[in-house]
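K.L.:
my questions are about this predicted structure, shown below with the sequence.
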Amino acid sequence: MNKRFWFFVAGFLVFVFLLEWNAPSKFVWEPTFNHYDKQPFGCAVFDSLMEKSVPAKYEVTKKTIAQLERDGYGKKPHAFLIQTVSFRPSATDIRALDRLLKAGNKVFIAASSIEPDSLYPDLQVAINGQYRFSPMEVKSSIANQSIPYDTLVWSHQLPYQEKECAVYAAMAGNNITVEGKAVCDTLVSCWLSAEEAEMTEGYWLVHMVRIKRGKGELFVSCDPLLMTNYGILDMQTNGLIFRLMSQFRGLPITRTEAYGPEPEYETDTPLRFWLQNEPLRWAIYLTLGGLLLFCVFYARRRQRVIPVVEEPANRSLEFVKLIGTLYHQKHINRDLLQKKYSYFAETLRRMTMIDIEDIESRKENIAQIAIRTGMPEAEVRMILDRVDRYLQGDDELKDAALRKAIDGMDLIINKL
C-alpha cells in the first residue's frame, strides 16, 4: 500500500478524535453568572462583549462590596454590577454599599429575590423574580396555544424613546416593591393582559427602578437572567441590556461574582465521559482497531471485469413524434401553433439576428426577412399577420388553417 493511503487513514482518525473531543456539551439552564461559563445563563459571552463595549474599563472580580471599598474602588466614581439569584448581603456589605452610594458611585443589583429588610431601614426593597428557567415550560405554553412572552417596556428617558421588547415569561421576573422616602424612578415595566391585571393592582408591574441615595444611584432589577449569555445574544433583549449599561455614563464597571451561586456546571465532552469508563473506553479502542483492520485488508483495489456499455439510443425523434401525435389526437391546434411560432422566432433570431417578436421594429424586420429570403415583402407580412391572427383568435383553429400557417413559416425558414 502507498503512503498516501496510510496518511489518509491517520488523518481521518485524528479528525474523528478531535471532533469528539471538541463536541459541545448539552445545554444547562441553571443560572451561574460565572465568568467562564459558556452555558446560556453563564456570563462568558456577556463579559467579553462588555469588555469591548465599555469605553472606560470593565472587569470581573470575586470580591465583595466591602472588600472592593477597602481596595479603594469608591474613591473615584465607579459602577458596580451584582447578579445573583438571592441577594443576601452581610451587615458589613450593607454599610460599605451605603458609603459607596453616598460617595457618588452607582450600583446595579439584578436578583430574583431580595427580602424587604435586606438593605436599609429607610429603604425597603422587595424583589419577586424567577429562580430558574425551564425550557419545558416554554414548550408546554406553546403547545397550549398560550403566549410564552412578557412585554417589557423601557420608559421614555432622554435621549431614548420608549422601547418594547418581548422576553420569555419563564425568564422574566415578577415585580419590585419599593417603600420609603427615597426618590425612585421606574425605568422598566412589564405590561399585563386584562386577565392578569385583575389579580394585581394595575396593568403594569415594575421590573427595574433607579433610586437616588446620596450622590449616587442604586439600580434594582428583578430580571437577572437577562444579564447573561442568552440575554446579550438575543436580538430582542440585547438593546435593553445596552440601554441599561448606558446608565453608567462612561464610568468604569466592576462586576462581582461574590454573591452569585456556586454551581458545578459540566464542561466535559462526551468523549471524555466514554474514556473515563473502562467498558466504554475499550469499546472505542476495539471500534478504532476494527476500522483500521478493515482498511488494511480492503484497501487493495480489486480486479473486476469492466462491462461493455452500449451507446444509448437517441430517442429524441421518437419523443417528438409522440408529442406530435398527442397534439394531433387532441386537436390542440393553437397551442401547437404557439410552440411552432416560438421555435420559428428563435430560429430567425439565431440565424439572422432578427427579433420578430419586437413590435416596434416589425416593419424593418419584415423588410430584412424579405431581403434575406428573396420573397416579396407583402408575402412575408401576410404570413406573419396570418400567424398573429390565429394565435390571438378565440374561435377554434381548424387543421387546414394550422397547416397553412406552419407551411408559411417553414417557407421562410427554408429560403434563408
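P.N.:
Received it, and whenever you're ready, just let me know what you need. Residues are numbered from 1 along each chain as shown.

K.L.:
so where's the stretch 101-250 of the chain uncertain?
P.N.:
For the stretch 101-250 of the chain, residues meeting the criterion pLDDT under 70 lie at 131, 138, 141-147, 193-203.

K.L.:
and with 80 instead?
P.N.:
Applying pLDDT under 80 to the stretch 101-250 of the chain flags residues 115-123, 128-148, 156-160, 170, 180-183, 191-203.

K.L.:
quick one: the strands in it?
P.N.:
106-114, 123-128, 149-154, 163-168, 175-180, 183-191, 204-213, 216-221 (DSSP state E, counting those that start in this stretch).

K.L.:
surely residue 317 forms part of a strand?
P.N.:
No: remark: residue 317 does not belong to a strand; assigned using DSSP: H, G, I helix; E, B strand; the rest coil, it is helix.

K.L.:
could I get the pLDDT score of it?
P.N.:
Listed pLDDT for residue 317 reads 83.

K.L.:
before we move on, what about residue 414?
P.N.:
90.

K.L.:
to residue 376, which of the strands of the stretch 101-250 of the chain lies closest?
P.N.:
strand 163-168 (75.5 Å; Cβ to Cβ). Glycine gets a C-beta too; all of them are placed from N, C-alpha and C.

K.L.:
what sits up against the closest one?
P.N.:
133, 138, 148-154, 223, 226, 236-237, 239-240, 243 (Cβ atoms under 8 Å, 6 or more residues apart in numbering).

K.L.:
gap between residue 396 and residue 331?
P.N.:
Plainly put, residue 396 is 8 Å away from residue 331 if you go by Cβ to Cβ, to the nearest Å.

K.L.:
in terms of neighbours, single out the busier of the two.
P.N.:
residue 331 (13 against 9; other Cβ atoms under 10 Å).

K.L.:
burial count for the closest residue to that one other than its chain neighbours?
P.N.:
Nearest residue to residue 331 in three dimensions, chain neighbours excluded: residue 399, at 7.4 Å (Cβ to Cβ, 6 or more residues apart in numbering). Using other Cβ under 10 Å, residue 399 has 10 other residues around it.

K.L.:
correct me if wrong: residue 399 contacts residue 334.
P.N.:
No: under the criterion of Cβ atoms under 8 Å, residue 399 is not in contact with residue 334, lying 11.8 Å apart.

K.L.:
need the buried ones from the contacts of strand 163-168 selected in PyMOL.
P.N.:
Restricted to buried positions by 16 or more other Cβ atoms under 10 Å, the PyMOL selection for the contacts of strand 163-168 reads:
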select buried, resi 133+138+148+149+150+151+152+153+154+223+226+237+240+243
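
K.L.:
end to end, how far does stretch 357-364 reach?
P.N.:
Distance across stretch 357-364, first residue to last, is 12 Å (Cα to Cα, to the nearest Å).

K.L.:
for that stretch, list every residue counted as buried.
P.N.:
For stretch 357-364, a neighbour-count test (16+ other Cβ under 10 Å) marks residue 362 as buried.

K.L.:
which of the contacts of strand 163-168 lies closest to residue 28?
P.N.:
So of those, ranked by how close each gets to residue 28 (Cβ to Cβ), first place is residue 133, at 10.6 Å.

K.L.:
wait, isn't the closest one in contact with residue 31?
P.N.:
Yes: in terms of Cβ under 8 Å, residue 133 counts as a neighbour of residue 31; the distance is 7.4 Å.

K.L.:
now do the shared contacts for these two.
P.N.:
By Cβ under 8 Å, 6+ apart, the residues touching both residue 133 and residue 31 are 41, 225.

K.L.:
what about the residue nearest to residue 149 when sequence neighbours are not counted, how many residues nearby?
P.N.:
Among residues not flanking residue 149 along the chain, residue 166 sits closest, at 4.3 Å (Cβ to Cβ, 6+ apart). Residue 166 has 15 neighbouring residues, counting by other Cβ under 10 Å.

K.L.:
look up how far residue 101 lies from residue 166.
P.N.:
33 Å.

K.L.:
same check, this time on residue 123
P.N.:
Counting by Cβ to Cβ, the gap from residue 123 to residue 101 is 10 Å.

K.L.:
what of residue 49?
P.N.:
From residue 49 over to residue 101 (counting by Cβ to Cβ), the distance is 27 Å.
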